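K.L.:
have a look at this prediction, sequence included:
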Amino acid sequence: MNKKYQDVVRRVSIQIADEFLAAENDLEKRALLPDADIAEITRQIGSETTEIILGNTLRQCAEKKSMKDL
């Protein structure tokens, strides 16, 4: 992983852990299972982040193309 993203990964990890611990009841009874929950959360984060980045990139390309056509 690129080192410039380590800080954001750490901040998001702490935020997710805090939310997860606040929302989950009886976590001690399923202490080995949070990995699947966290994997689903990170997949969703990846999907939404990719959508945002690709949408932004597509808009930038369209703007550049539009400027060239003027």
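P.N.:
Received the coordinates, thanks. Given the structure is predicted, the values throughout are model-derived calculations rather than measurements.
K.L.:
check which helices and strands the helix or strand hosting Thr50 sits against.
P.N.:
Assignment of secondary structure by DSSP states H and E places Thr50 within helix 34-69. Applying 3 or more C-beta pairs under 8 Å, 6 or more residues apart in numbering; DSSP states H and E, we find helix 34-69 packed against helix 6-23. Placement of C-beta: from N, CA and C, glycine included.
K.L.:
which stretches of this structure have low pLDDT?
P.N.:
Residues of the chain meeting the criterion pLDDT under 70: 70.
K.L.:
residue contacts, the spatially most central residue of it?
P.N.:
Among the residues of the chain, the smallest C-alpha distance to the mean C-alpha position (C-alpha atoms, centre = their mean) belongs to Ile45, namely 2.8 Å. Neighbouring residues of Ile45 by C-beta atoms under 8 Å, 6 or more residues apart in numbering: Val12.
K.L.:
what distance do you get for it to Ala36?
P.N.:
Using C-beta to C-beta, to the nearest Å, Ile45 is found at 15 Å from Ala36.
K.L.:
now do Ile16
P.N.:
Counting by C-beta to C-beta, the gap between Ile16 and Ala36 amounts to 14 Å.
K.L.:
have a look at those two and say which one is more surrounded.
P.N.:
Of the pair Ile16 and Ala36, Ile16 is the one with more neighbours under other C-beta atoms under 10 Å, namely 15 against 10.
K.L.:
find the nearest non-adjacent residue to the more buried one, please.
P.N.:
Distances taken as C-beta to C-beta, 6 or more residues apart in numbering put Ile41 closest to Ile16, at 6.1 Å, once the chain neighbours are dropped.
K.L.:
that neighbour: neighbour count?
P.N.:
Look at Ile41: counted by other C-beta under 10 Å, it has 15 neighbours.
K.L.:
ditto for Asp37
P.N.:
Around Asp37 there are 13 other residues, counting by other C-beta under 10 Å.
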